[in-house]
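>>> 3D model of this:
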Amino acid sequence: MSLDDSEQKIDVREGIVHSSIPADELARLSDDVIMALKTVYDPEIPADIFELGLIYKIDIEDDRMVKIMMTLTAPGCPVAGEMPGWVENAVGAVEGVSGVEVGMTFDPPWTPDRMSEEAQVAVGWY
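Residues are numbered from 1 along each chain as shown. Next up, the predicted model:
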């Protein structure tokens, strides 16, 4: 989906984030965390975990600790034990992040409808 001039890009951070981190710095941190997540790929699918919809929640605490809740495409994923470490390493390298906690959940279970259009193109579904 591309945005044209008549569509507005909605920033989900607007109006709901209350933080001691200045708004511009929080926006930069958020963008950088997402870019870091986009460097982590499921080895069996040619798309990054963010575009696949595997990231359910990202919280940036006032102390700059990043807490991520994620899932896998299936509970028996062969890299289930490794992927949280990959996420922790990628996000931990972001300037200004004090630490990273990665939690796993399978509720709700991941389904392909969580994939972005970009991920659908990458896997040939679009």
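
>>> For the rest of this, base every contact and every neighbour count on C-alpha atoms.
Will do.

>>> Could you list every helix and strand in contact with the top helix by length along the chain?
Longest helix in the chain, counting residues (DSSP state H): helix 23-37. Applying 3 or more C-alpha pairs under 8 Å, 6 or more residues apart in numbering; DSSP states H and E, we find helix 23-37 packed against helix 49-52, helix 83-92.

>>> Could you dump those into JSON lines and include mean pLDDT?
Output for the helices and strands packed on helix 23-37, formatted as JSON lines (pLDDT from 0 to 100):
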{"stretch": "helix 49-52", "mean pLDDT": "95"}
{"stretch": "helix 83-92", "mean pLDDT": "97"}
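
>>> Out of those, flag the one nearest D62.
Nearest of these to D62, taken as C-alpha to C-alpha: helix 83-92 at 15.7 Å.

>>> about what we covered before: kindly reformat the helices and strands packed on helix 23-37 as JSON lines containing distance to T73.
Formatted as JSON lines, the helices and strands packed on helix 23-37 follow (distance: least, C-alpha to C-alpha, whole Å):
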{"stretch": "helix 49-52", "distance to T73": "9"}
{"stretch": "helix 83-92", "distance to T73": "12"}
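
>>> Mean neighbour count added to those helices, as a markdown table?
Below are these laid out as a markdown table (neighbours: other C-alpha atoms under 10 Å):
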| stretch | mean neighbour count |
| --- | --- |
| helix 49-52 | 23 |
| helix 83-92 | 20 |
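
>>> how about these, which one is nearest A23?
Between the helices and strands packed on helix 23-37, helix 83-92 lies closest to A23; by C-alpha to C-alpha that is 19.4 Å.

>>> any idea of the angle that closest one forms with helix 23-37?
140 degrees (axes from the mean of the first three to the mean of the last three C-alpha atoms, to 10 degrees).

>>> Name the residues of the following helix or strand past helix 83-92 that are buried.
As assigned by DSSP states H and E, the chain's next helix or strand after helix 83-92 is strand 99-104. Using 16 or more other C-alpha atoms under 10 Å as the test for burial, strand 99-104 gives G99, V100, E101, V102, M104.

>>> Which neighbouring elements make contact with strand 99-104?
Under the contact criterion of 3+ C-alpha pairs under 8 Å, 6+ apart, strand 99-104 touches strand 65-70, helix 83-92.
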